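Undergrad: For reference, the sequence and a predicted model appear below.
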Amino acid sequence: MVVFTGACDASGAVPIDERLFALADDEDNVLRIYDADRGGAPVSATDISPRLGLAKKKKWPESDLEAATRVGDRALWLSSHARSKKGKLKPDRFRFFATDVPGAGRETELRGVPYLDLLRDLLAEPQLKAFGLAEAAERPPQAEGGLNIEGMTAMPDGAVLLGFRNPVPKGRALLVPVRNPLAPFAGEALHFGAPIDLNLGGLGVRALSFWHGKYLIAAGHYGDGGAHRLYSWSGPGAHPALLPDAVPADVNPEAFFTPEERDELLVLSDDGTRVIDGLPCKELDDASQKRFRGVWLRSIDP
């Protein structure tokens, strides 16, 4: 177990090299770089709020960053594209953007303009009409049949795979390939591949990554709490395989650090509700007290 400080809600990670990764937290808009072996405080951090076109009032609103991946020399970051827990429309949560791959000790720079129309594109895609995403987008993310995107990973062919935590149509997790993920940052239209539905035991996708020729999926309930499971998946046409007892029961997998150079990967836990000194981690005022955990795995073979 490795403990990292300065944040609680690990929600997406981008590998920088075999040791460093950049992390998104769904409670703020700060991209933090951590040393996976050492743990502890971030090596550096960049608040990207001013560059996301957010509607600032007294403070910057959270864009609800839920997923991240790397495509070549670009890091891609994705908001949930979900409403608030009460079902209120939150335009600040509609962000899909690219940065350079973050580096320790320097500012992380955006590449192109943040894309605000991913949800519109998904709703207009003919291949997705059968999944009722337009109706789902009107509901709270943690309500049955709501909409919430929490997984994203690069595919071997340069496409990116999106994973929905909600909805879970007919009890199967929904994944959607984006064939040209860098297109919107060059002013071009996105193109989607055929949707994929997977049997994850009735659960949705909370995190995705590709490592050593296979996909790693963190599955969880669309609402608060509930069971979580890890799956290994060889890709379209294959059945996902459950990884039993891969991590301790109190770990809440929501991001992965999967460096291809290593023979082990790091499962990152969203510890926002974990109690520290009598308070849930996310409610602590002192950032130095905030922390989340990582668990190393040497294999994703069931």
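TA: Right, received. Where do you want to start? Everything numeric here is computed off the predicted structure, so don't read it as measured data.
Undergrad: roughly how far out does stretch 95-108 sit from the chain middle?
TA: 16 Å (C-alpha atoms, centre = their mean, to the nearest Å).
Undergrad: who touches that stretch?
TA: Residues from elsewhere that reach stretch 95-108, judged by C-beta atoms under 8 Å, 6 or more residues apart in numbering: 14, 16, 20, 22, 31, 33, 43-44, 46, 48, 52, 63, 65, 70, 73-79, 109-116, 118, 182, 184-185. From N, CA and C alone the C-beta is placed, and that goes for glycine too.
Undergrad: Tell me which of those fall in helices.
TA: Leu118 (DSSP state H).
Undergrad: Where strands are concerned, which of the contacts of stretch 95-108 count?
TA: 14, 20, 22, 31, 33, 44, 46, 65, 70, 74-79 (DSSP state E).
Undergrad: Now for the nearest residue to Leu78 once chain neighbours are set aside: which residues touch it?
TA: Closest residue in space to Leu78, ignoring its immediate chain neighbours: Ala67 at 4.3 Å, by C-beta to C-beta, 6 or more residues apart in numbering. By C-beta under 8 Å, 6+ apart, the contact set of Ala67 is 11-12, 24, 77-78, 149-152, 162-163, 207-208.
Undergrad: closest to Ala218 among those residues?
TA: Nearest to Ala218 out of the contacts of Ala67 is Ala207 (C-beta to C-beta; 3.8 Å).
Undergrad: can you pull the contacts of the closest one?
TA: 12, 67, 150-151, 163, 216-218, 253-256.
Undergrad: run the last query once more with 7 Å
TA: 150-151, 218, 253-256 (C-beta atoms under 7 Å, 6 or more residues apart in numbering).
Undergrad: What separation do you get for it and Ala227?
TA: Taking C-beta to C-beta, to the nearest Å as the criterion, Ala207 is separated from Ala227 by 15 Å.
Undergrad: same deal with Lys56?
TA: Applying C-beta to C-beta to Lys56 and Ala227 gives a distance of 38 Å.
Undergrad: Ok, Val43 next?
TA: 34 Å.
Undergrad: what residue ranges in the stretch 51-200 of the chain score low on pLDDT?
TA: Within the stretch 51-200 of the chain, no stretch has pLDDT under 70.
Undergrad: Please repeat the previous calculation with a cut-off of 90.
TA: 55-59, 102-109 (pLDDT under 90).
Undergrad: Tell me how many other residues surround Ala10.
TA: 29 (other C-beta atoms under 10 Å).
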